[in-house]
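In: Pasted the sequence and its predicted model underneath.
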Amino acid sequence: FLFNIKSYKLKQEVFANGGFQKKISRKTGIDTDQSVSAIYNSTKIVKRDGNTYLELEGTHPKVMLEFLTALVEAAKENVSIEIKDKARSLGKTRINNLSTKIEELHQKIAVQKQKENLQKQIENLQKQIEKEKKAQKKAQKIVRFSKALDMAKLIGIKNNNFDKPDIESAPVWFQYGELALQQEIRSLRSKKEEIPNTKKLSIEKAKLKKFQEEVRSLRSKKEEISKTKKLSIEKAKLKKIQTADLTLLKFKVVTIGKHSYSLVKPNQTLMIVVFGVAFG
């Protein structure tokens, strides 16, 4: 505010726009710049009793008081415009920053969705791998029992020997015998399961490992969604402020405390008057 008060350019504008040249002197041909320079050099900012005063010496106290008042109002208006422009600029910068952050969060959320899809694929692969393992295990068991059946037939072991001591350490063909082995093989073959594919199982295991590595590199999206909502709300508020009519906003730049003028040397023909406008 005081910077504006001290401005020569502002004094010149106020002096010209307010028609103070005619109010001070009716003589024609007087250079306005000279009058403004005189006022510029005579205007003082002083501190007194905790208040700030504008003082101006001149021979037209009422006109000078009017000029000072107009100067204060013009300075207030300039500061108000500066504040509004600054508010718009800061708001725009903040909105741009928020837009960037929100876009980054949207990208992260998209990645998290990818993670969820990968997780589902992992679960499906794990189920498929488990099925492949069971089918493979069953096929291996059928092969083992078939070989044992051939041996049991060759040796002539018809019945099982499960009741014999330490039978667990005996060969399969001796444990089960021909009849039990035939029954086991029929039972295994009757179960409807996919034919095991060793190559497919290896591929699925490789996929599973790859998906698991990708998932580990991703973070939970719950926190990112929360951040995005908060930033979007803040952005909406700032946009609302940006689109509002800032000219309707009022900023308290300065309060005029009093207007006064007094005679300094009343005995002189050209009286010098000191008057001021207090603000703070």
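Out: That came through, no problem. Numbers count the residues shown, from 1 in each chain.

In: contacts and neighbour counts: CA atoms only from here.
Out: Noted.

In: okay, now the domains of this structure?
Out: Annotated domains of the chain cover 2-84+256-279, 100-247 [automatic domain parsing].

In: Lowest mean pLDDT across the ones you listed, which one is that?
Out: Among the domains of the chain, domain 2-84+256-279 carries the lowest mean pLDDT, a mean of 67.

In: buried stuff in whichever helix or strand residue 11 is part of?
Out: Assigned by DSSP states H and E, residue 11 falls within helix 8-17. Applying a neighbour-count criterion of 16 or more other C-alpha atoms under 10 Å, the buried positions in helix 8-17 are 10, 11, 12, 14, 15.

In: these two touch, right, the second one and residue 73?
Out: Meaning residue 11. No. The pair residue 11 and residue 73 does not pass the contact test of C-alpha atoms under 8 Å, sitting 11.5 Å apart.

In: Which parts of the stretch 101-250 of the chain are helices?
Out: In the stretch 101-250 of the chain, the helices defined using DSSP state H, counting those that start in this stretch lie at 172-190, 198-216, 222-243.

In: which residues are contacting the first one?
Out: Contacts made with helix 172-190 from outside it, assessed by C-alpha atoms under 8 Å, 6 or more residues apart in numbering, are listed as 138, 142, 145-146, 148-149, 151-153, 156-162, 167-168.

In: Now list the buried members of these.
Out: Taking 16+ other C-alpha under 10 Å as the criterion, what is buried in these is 138, 142, 145-146, 148-149, 151-152, 157-161.

In: Can you classify residue 55 by secondary structure?
Out: Under DSSP: H, G, I helix; E, B strand; the rest coil, residue 55 falls in the strand class.

In: Near it, how many other residues are there?
Out: 22 (other C-alpha atoms under 10 Å).

In: what's the answer for residue 92, then?
Out: Other residues close to residue 92 by other C-alpha under 10 Å number 16.

In: For it, give its distance to residue 78.
Out: Distance, residue 92 to residue 78, by C-alpha to C-alpha, to the nearest Å: 21 Å.

In: Ok, residue 67 next?
Out: Relative to residue 78, and taking C-alpha to C-alpha, residue 67 is found at 16 Å.

In: out of those two, which sits in the busier spot?
Out: When neighbours are counted by other C-alpha under 10 Å, residue 67 and residue 78 differ, and residue 67 comes out ahead with 20 against 16.

In: check which helix or strand covers that one.
Out: helix 61-155.

In: And for residue 52?
Out: Using DSSP H and E, residue 52 sits within strand 51-58.

In: Pull that strand out as CSV, backbone CA atoms only.
Out: What follows is strand 51-58, C-alpha atoms only, in CSV (Å, rounded to 0.1, in the frame of the first residue of the first chain):
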residue,chain,number,x,y,z
ASN,A,51,-0.5,5.6,13.4
THR,A,52,0.7,6.4,10.0
TYR,A,53,-0.1,9.8,8.5
LEU,A,54,0.2,11.4,5.1
GLU,A,55,1.3,15.0,5.3
LEU,A,56,1.3,17.5,2.4
GLU,A,57,2.2,21.2,2.5
GLY,A,58,0.3,23.6,0.2
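
In: Which other helices and strands does that strand contact?
Out: If contacts are counted by 3 or more C-alpha pairs under 8 Å, 6 or more residues apart in numbering; DSSP states H and E, strand 51-58 sits against helix 32-42, strand 44-48, helix 61-155, strand 273-279.

In: What strands flank it, and is each parallel or antiparallel?
Out: Strand pairing for strand 51-58, determined by DSSP bridges: strand 44-48 (antiparallel), strand 273-279 (antiparallel).

In: list the buried ones in the first one?
Out: Same thing as strand 44-48. For strand 44-48, by 16+ other C-alpha under 10 Å, it's residue 45.

In: Name the residues that touch it?
Out: Contacts of strand 44-48 (C-alpha under 8 Å, 6+ apart): 52, 53, 54, 55, 56.
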